[in-house]
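Give me coordinates for this.
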Amino acid sequence: MKILRILLVVLALLASAFVFFRFYYTKSFSPSASEKFEKNGLVVTVDYCQPSKKDRLIFGEEKDKALVPYGKWWRTGANEATVIKFSKDVNIAGKSLKSGTYTLFTIPEKDNWTIIFNQEVGQWGLAYDEKKNVMTVPVPSMKADSSAEQFNISFNENADGGDMILHWDTTQVVVPIK
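A predicted model of the protein is given here:
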C-alpha cells in the first residue's frame, strides 16, 4: 500500500511538471496571442503563440541554419499549432473554404508561401499530417517596411473583405480573405 501511495505521488508530480512546462514555462518565451477580424457578419479569429527573433536567422535555406527553413512546413507560430476559425464560408486567395476551425500551417519560401488549412486541430505543432489538408493556397511574400522581433498576425480591412498579415523579422505575407 505504501508503494502505491509513493507511485501516485510521483505520478502526480510528473503530471504537474508536464502541465507547468507545456502551459506556463514555454509560453514565457513565446506568449499566447489572439487576433480577431469582423466584417459583414464574418468573424475570423486566430489563436497562436509569438516566438521572438533573439538574434537568430528566421527564414532561409536549411544549410544556413534558419529557424524556419524554406520549403519545410511550419506551425506558423510556436508551441501549439496555430488555430484559425471562420464563422462563414470564405474565399482565401481565390479559393473557397467552408466555415469552421482549422490549423494554420505554412510552407515559407523566399518569394512565396503556401498557406495550409488543415482539419486536425489541437496538436502541439510538432506533427503535421498533410492528408488532413482541406486547402492550400500560394501567396507572395515580401520584404516588410520594418523588422518585427516577435512573430505577429494581424488583419487589415479592405473593400472586398480583409487581409491577414503574417509578419516576422523582415518578412511579410498578406493572405486575402473575402
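
How is the nearest residue to Val175 once chain neighbours are set aside assigned, secondary-structure-wise?
For Val175, ignoring the flanking residues on the chain, the nearest one in space by CB to CB, 6 or more residues apart in numbering is Met164 at 4.3 Å. The way it works is simple: take the backbone N, C-alpha and C, and place the C-beta from them, glycine included. For Met164, the assignment made with DSSP: H, G, I helix; E, B strand; the rest coil gives strand.

what about Met164, distance to Thr76?
11 Å (CB to CB, to the nearest Å).

ok, now Lys53?
In terms of CB to CB, Lys53 sits 16 Å off from Thr76.

Looking only at neighbour counts, state which of Met164 and Thr76 leads.
Thr76 (27 against 22; other CB atoms under 10 Å).

Model confidence for the more buried one, exactly?
Per-residue pLDDT puts Thr76 at 97.

Identify each buried residue in the helix or strand hosting Thr45, please.
Following DSSP states H and E, the helix or strand that holds Thr45 is strand 42-49. Residues of strand 42-49 classed as buried: 42, 44, 46-49 (neighbour count, 16 or more other CB atoms under 10 Å).

again with stretch 128-141
128, 133, 135-137, 139, 141.

Ok, stretch 85-98 next?
Buried, per 16+ other CB under 10 Å, within stretch 85-98: 86, 90, 92-93, 97.

What about the residues you listed, which are in strands?
86, 90, 92, 97 (DSSP state E).

Kindly indicate which of the residues you listed lies nearest Gly60.
If you rank those by distance to Gly60 using CB to CB, Ile92 comes first, at 26.3 Å.

isn't the closest one right next to Ile115, touching?
Yes: if you go by CB atoms under 8 Å, Ile92 and Ile115 touch, sitting 7.0 Å apart.

Mutual contacts of these two, please.
Jointly contacting Ile92 and Ile115 under the rule CB atoms under 8 Å, 6 or more residues apart in numbering are 137, 175.

Now render the buried residues of stretch 85-98 as TSV, adding distance to Asp160 and pLDDT.
Below are those laid out as TSV (distance: CB to CB, whole Å; pLDDT from 0 to 100):
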residue	distance to Asp160	pLDDT
Phe86	16	98
Val90	11	98
Ile92	12	97
Ala93	12	94
Leu97	15	98
